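Undergrad: got a predicted structure here, sequence first:
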Amino acid sequence: MNALARLLWLGIAALGAIALAVVALSRGETINSVWLVASAICTYLIAYRFYGLFIGRAVMQVDANRATPAYRHNDGLDYVPTNRYVLFGHHFAAIAGAGPLVGPVLAAQMGYLPGTLWILAGVVFAGAVQDSLVLFMSTRRDGRSLGEIIRSEMGATAGGIALIGVFLIMIIILAVLALVVVKALAGSPWGAFTVMATIPIAIIMGLYLRFVRPGKIAEMSIIGFVLLMAALSYGRSVAESPTVAPYFSYSGELLAIMLIGYGFVASVLPVWLLLAPRDYLSTFLKIGAIAGLALGILLVMPPLKMAAVTRFIDGTGPVFSGALFPFLFITIACGAVSGFHALISSGTTPKMIENETQIPFVGYGGMLMESFVAIMAMVAASVIEPGVYFAMNSPSGLIGTDAAKAAAMIGAWGFTVTPDMLTDAARNVGETTVLSRAGGAPTLAVGMAEIFSNVLGGKALMGFWYHFAILFEALFILTAVDAGTRACRFMVQDMIGAAFPAFRNTESWINNLLATTIAVAMWGYILYTGVVDPLGGINTLWPLFGISNQMLAGIALITCTVLLFKMKRQKYAWVAATPALWLLICTLTAGLQKVFHSDPAIGFLSHASRFGTALAEGKLLAPAQNIGQMRQIVFNDYVDATLAFVFVLVVVCIFVFGLLEIGRARANDRPTMREIGAEQAGIVHA
Amino acid sequence: MRKAMTELPWRRPVARGLTTLLSRIKETSRLMVGIPDYDRYVEHVSTHHPEQPIMSYRDFFDNRQQARYGTGMKRCC
């Protein structure tokens, strides 16, 4: 490093330290969001330059002369050597989703500081490490998936257990994502109308792309975008019309049933008709909205109205239950560390890496970018008036359903808000109420509308921007529901097929329908229980999602640790082992607390026993209105407890298998990993 | 005047840089939705596997679309 470069890095470090100090040490006075953004960017630059590249050089020991799968299997289709900037974009688009946008919004109930610190520390030492290490391991194994790597390196049993874990995680993710959409669209004719309009729009695009101008993605996307904006503007007229609005005003239960039906139908339709065109729209809209949000924050430089730390770090918060440790660390999943990325990093990306030396840039860098999205979500949640934030994110069981009562309740928590502020906030964004719109998406949408309308349109366009933000989130969540249900269907066929091989035949319509029904029934059931439970919903299910996602990350990092031992790189095993242990501590604590905690707001079993005791005495407890609902609540508690406990078991099993494998690797004095392509020096064509 | 413009020393590299940037953006956008570069596919098959038939752009597009959504989940939450 020459003198100039040294000076530059010193400058970045100094700026980062000052920004972090402002973010961390200011108490009582509001700070500008620019400090948050600056501290994040400086952290990312330094982390990439000094830790990401170190991992590439010392831990992975990337070999510039070793042929990557993209060269060895080049087919111009799946395996294509790809420019690193292009691949970075592809990888980022694949890992970015609703996760990093929702988690930080929920975590803001503890103030912006705890969440921000975890987003930054988590990404540098866990998330980006996982993404890049898995990408490296998969690149050295022809782009095999995480499940296959676990099976070949840690044995068939470990592989099978990991597969069941992945399947359950998918089910939870689908249920929770669908729940986010339900919470955002319930009783919102404007939102429901525009989101429903995306279905015919996508079908028009699909037909256009297949029959009118085959393969012309840009044309089709522009047409789709114009139609979408038209639907979005018209949505206001729908919401304001007393005759039409009721047709698009749905209860949560009805929306849940509609979504379940939609998930079933959409996932058995041909992909070109609905899934693909909507995916194109949602991908471009997502990238555009993220870029727009970054630009908006830089232009507006909004002050953060949320306190740095609120009283809810003690675990009594209304948004999610449980204390800062361990629940903050599982609430912010994507954005700090997300196990789901391990599936992407061992999916399409390793098949396109041009050279091993680019792995830190794509894997570590891509995750830093994702983390930046989470920071922006945190900013968007913190620029809202805190009282409005709590009104939006607290369950109706706590704050009731009218503005005056909610304002009084939130005032008692120490956040000043008047009933007028709450009704104004709703009117500004073209909704009838903002109370209990949990799930993160509406809060983020209000924050984005606040920022965007400052750049363009002022108050007049706030409703438009709010629904634009809802639309963009709903759009990619629906895509995930559709694609995820398909993925679950294949997994169901694969698992049942292990016992009845005929079930594996994906050409058979009966198999497809049966497997789809099983998949939809599983996530649909969990979704429905979330919708009807006034105290549950996001409050109950988001932690379950967070636990499962972080456990997958734990599994991926355990695998990386094992592989480092097998490669005889144990000197550097701490790079993967430290975050793996931290994730194990967080997820096992959180998982066991969710099952056994004595506080009914946290522990499923104590909640079940509270309702069970009342049931035995013939009493009714709110929110249940009859004996049937009481029984349902108890049953749901046992389902949730079982799920949480299965997650705990899965992760403990993988941990034990990992330890055994490390023991075997240490007993052997030679590297024992099963890589592919080591004998081929230089770029060889298959 | 026109002549003088074309002779500016930086003009050609800048124009070339912009063209590359635009084509990279296009390539990235298409790969984001799972469609790799068709020309490169044609070039690959015709140089390395001349005995194999080359898919038409339409077939190539369908093939990639099916591969992206046909199996498994290729994106995050």
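TA: Sure, I can see it. Numbers count the residues shown, from 1 in each chain, chains lettered A, B, ... in the order given.
Undergrad: residue of chain B closest to chain A, please.
TA: Chain A sits closest to B:Tyr41 of chain B, with a gap of 3.3 Å, by CB to the nearest CB. For the C-beta atoms, the positions are set from N, CA and C on the backbone; glycine is no exception.
Undergrad: ok, for that residue, nearest residue in space, not its chain neighbours?
TA: Setting aside the residues directly before and after it, B:Tyr41 is nearest to A:Gly76 in space (CB to CB, 6 or more residues apart in numbering or on different chains), at 3.3 Å.
Undergrad: can I take it that the one you found is in a helix?
TA: No: using DSSP: H, G, I helix; E, B strand; the rest coil, the assignment for A:Gly76 is coil, not a helix.
Undergrad: surely it meets B:Val45?
TA: Yes: A:Gly76 lies in contact with B:Val45 (CB atoms under 8 Å); the separation is 6.0 Å.
Undergrad: more crowded one of the two?
TA: Neighbours were counted for A:Gly76 and for B:Val45 using other CB atoms under 10 Å in any protein chain shown; A:Gly76 has more, 22 against 18.
Undergrad: who's in contact with the more buried one?
TA: By CB atoms under 8 Å, 6 or more residues apart in numbering or on different chains, the contact set of A:Gly76 is B:Pro36, B:Arg40, B:Tyr41, B:Val42, B:Glu43, B:His44, B:Val45.
Undergrad: from these, which land in helices?
TA: B:Arg40, B:Tyr41, B:Val42, B:Glu43, B:His44, B:Val45 (DSSP state H).
Undergrad: would a markdown table of those with pLDDT and distance to A:Gly16 be doable?
TA: Shown next, in a markdown table, are those (pLDDT from 0 to 100; distance: CB to CB, whole Å):
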| residue | pLDDT | distance to A:Gly16 |
| --- | --- | --- |
| B:Arg40 | 92 | 40 |
| B:Tyr41 | 94 | 44 |
| B:Val42 | 95 | 47 |
| B:Glu43 | 94 | 45 |
| B:His44 | 94 | 44 |
| B:Val45 | 93 | 49 |
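Undergrad: point out the residues in chain B that sit beside chain A.
TA: For chain B, the residues in contact with chain A (CB under 8 Å from any CB of the partner chain) are B:24, B:26-37, B:40-45, B:48, B:57-58, B:60-77.
Undergrad: show the pLDDT at B:Lys3.
TA: Listed pLDDT for B:Lys3 reads 51.
Undergrad: kindly apply the preceding question to B:Lys74 instead.
TA: Confidence score, pLDDT, at B:Lys74: 51.
Undergrad: sorry, back to before: which among the ones in helices among the contacts of A:Gly76 gets closest to A:Ala256?
TA: B:Tyr41 (43.0 Å; CB to CB).
Undergrad: show me which residues of the stretch 351-500 of chain A are close to chain B?
TA: Residues of the stretch 351-500 of chain A lying near chain B (CB under 8 Å from any CB): A:Ala480, A:Ala483, A:Gly484, A:Arg486, A:Ala487, A:Phe490.
Undergrad: so what does the closest residue to chain B within the stretch 251-400 of chain A have for phi and psi?
TA: Closest residue of the stretch 251-400 of chain A to chain B, CB to the nearest CB: A:Val271 (4.1 Å). Phi and psi for A:Val271, reported as degrees, to the nearest 10, are phi -60, psi -30.
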